[in-house]
Structure formats: C-alpha cells, structure tokens
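> My questions are about this predicted structure, shown below with the sequence.
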Amino acid sequence: NEKAQGCCNTIKVSTPEGKDPYLQLGSDDKIYTYDTIFNSTTSTKDVYNSILSSSIPDKLLKGYNLTVLAYGQTGSGKTYTMGTNWKDL
C-alpha cells in the first residue's frame, strides 16, 4: 500500500466557485481544466451515476466527440470504472 510506505498525493485539484475545476500535477505550473473531476474517494457508483445523469449519453448519440480520462494508480479500478462488458450494450 502506497500510503503505508509514506507516499503522498501529487495531484492538486481545485474547484473554484463559478469556474471549471482544474488539476495541477506535482510542482508543475501547468493547469489542466476539465468539465468534471472526481477525487480519489469518489465511488465507482457515483462516477457512473454522474455520467448517466449528465448530457453525455445524449451528446454522444448526436455525434459529439467525447473524451473520458481515467488517471490513477495501477490496480485502482480505472478500467473497471470505465466499463469492460460490451456484450450488455
């Protein structure tokens, strides 16, 4: 476990009121803005429900290009959260 080894989070997430949320990696001065950022304590269910309750599915079906970025530690559930069972569609 990384926490037990003394590792710390190197991603700074800010959600200023009235502005898009952004993140900053390490001590890098670059800031990356996104429509939505979920923190490390957000459950898979909450991510899924947030995406389905948004306009993303409708926009996808209307032909918009969409990108979902999952960033995190190996084995943290990124692929599981993004979905792996296409036969149910």
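Nice, thanks for sending it over. Numbers count the residues shown, from 1 in each chain.
> Quick one: the helices in the chain, in order.
Under the criterion DSSP state H, helices of the chain are mapped to 44-52, 56-61, 78-82.
> Nearest to residue 27, out of those?
helix 78-82 (24.3 Å; Cβ to Cβ). Using the backbone N, CA and C atoms, a C-beta is placed for each residue, glycine as well.
> want to throw the helices of the chain into CSV with distance to residue 12, mean pLDDT and mean neighbour count?
CSV is the format used below for those (distance: least, Cβ to Cβ, whole Å; pLDDT from 0 to 100; neighbours: other Cβ atoms under 10 Å):
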stretch, distance to residue 12, mean pLDDT, mean neighbour count
helix 44-52, 20, 79, 12
helix 56-61, 25, 82, 11
helix 78-82, 20, 73, 13
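> Quick one: closest of these to residue 5.
helix 78-82 (20.8 Å).
> want to try a markdown table for the helices of the chain, with distance to residue 19 as columns?
Output for these, formatted as a markdown table (distance: least, Cβ to Cβ, whole Å):
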| stretch | distance to residue 19 |
| --- | --- |
| helix 44-52 | 19 |
| helix 56-61 | 20 |
| helix 78-82 | 26 |
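> With respect to residue 16, which of these lies nearest?
Of all the helices of the chain, helix 44-52 sits nearest to residue 16, with 19.3 Å by Cβ to Cβ.
> so how far is that closest one from its chain's centroid?
10 Å (Cα atoms, centre = their mean, to the nearest Å).
> rewinding a little: and residue 26, which of the helices of the chain is closest to it?
helix 78-82 (19.7 Å).
> what's around residue 70, how many residues?
Residue 70 has 13 neighbours, counted by other Cβ atoms under 10 Å.
> still on that earlier bit, and residue 2, which of the helices of the chain is closest to it?
helix 78-82 (15.5 Å).
> I figured residue 50 hits residue 35, correct?
No: contact criterion Cβ atoms under 8 Å: residue 50 and residue 35 do not qualify, at 10.7 Å.
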